[in-house]
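Novice: test case, fold it:
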Amino acid sequence: ADLFDGIVMAEQRFHGEGFQEGLAEGSHAGLAEGRRCGALHGARVGSEVGCYLGFALTWHCLLQKCTDEKTRKKIRALDSLIGMIQKFPYEDPTYDKLQEDLEKIRGKFKQVCSVLNVQSDFRIGAERSSLTF
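Specialist: Numbers count the residues shown, from 1 in each chain. Below you'll find the model as predicted:
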């Protein structure tokens, strides 16, 4: 009876073993793909936010010696953008408002460009990222 049980139950046993092996392989492949995708997205966000920070710091330095009211308004807008970027949680990938804060930074950047009367267009392509004026 045991001989026949092994034969009859072989399909079920092989099915269970195959399922477990497939699950383990799929989990491993999914983790690797997730890491790759996360690193790529993180690099894009970092490049974008870093470009905004460089833009803001450069303009801040250029405008610091001017003292008229229009320039002070521009500097306040730049200070606000710089502050938002400095508070951005780069180290915490589980931060639940990451996308929301990123959208606020993008909006503030557009506002700053408007105040400075500078046209901006931030693009990330396969070849390079660029900020054009």
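
Novice: and residue 43, that's in a helix?
Specialist: Yes: judged by DSSP: H, G, I helix; E, B strand; the rest coil, residue 43 forms part of a helix.

Novice: tell me the pLDDT of the most centrally placed residue in the chain.
Specialist: By CA atoms, centre = their mean, the chain has its centre lying nearest to residue 45, at 3.4 Å. In this model, residue 45 is scored at 89, pLDDT.

Novice: right, and it touches residue 102 too?
Specialist: Yes: the pair residue 45 / residue 102 is scored as a contact, 6.6 Å apart, by CB atoms under 8 Å. No exception for glycine: its C-beta is placed from N, CA and C like everyone else's.

Novice: quick one: what helix or strand has the closest residue to residue 105 other than its chain neighbours in it?
Specialist: Excluding its sequence neighbours, the residue lying closest to residue 105 (CB to CB, 6 or more residues apart in numbering) is residue 84, at 5.2 Å. Using DSSP states H and E, residue 84 sits within helix 69-87.

Novice: which helices and strands does that helix pack with?
Specialist: Judged by 3 or more CB pairs under 8 Å, 6 or more residues apart in numbering; DSSP states H and E, the packing partners of helix 69-87 are helix 10-63, helix 98-116.

Novice: show me what the last one is packed against.
Specialist: Counting contacts by 3+ CB pairs under 8 Å, 6+ apart, helix 98-116 is packed against helix 10-63, helix 69-87.

Novice: next, the buried residues of it.
Specialist: Going by neighbour count (16 or more other CB atoms under 10 Å), the buried part of helix 98-116 is 101, 105, 108-109, 112-113, 115-116.
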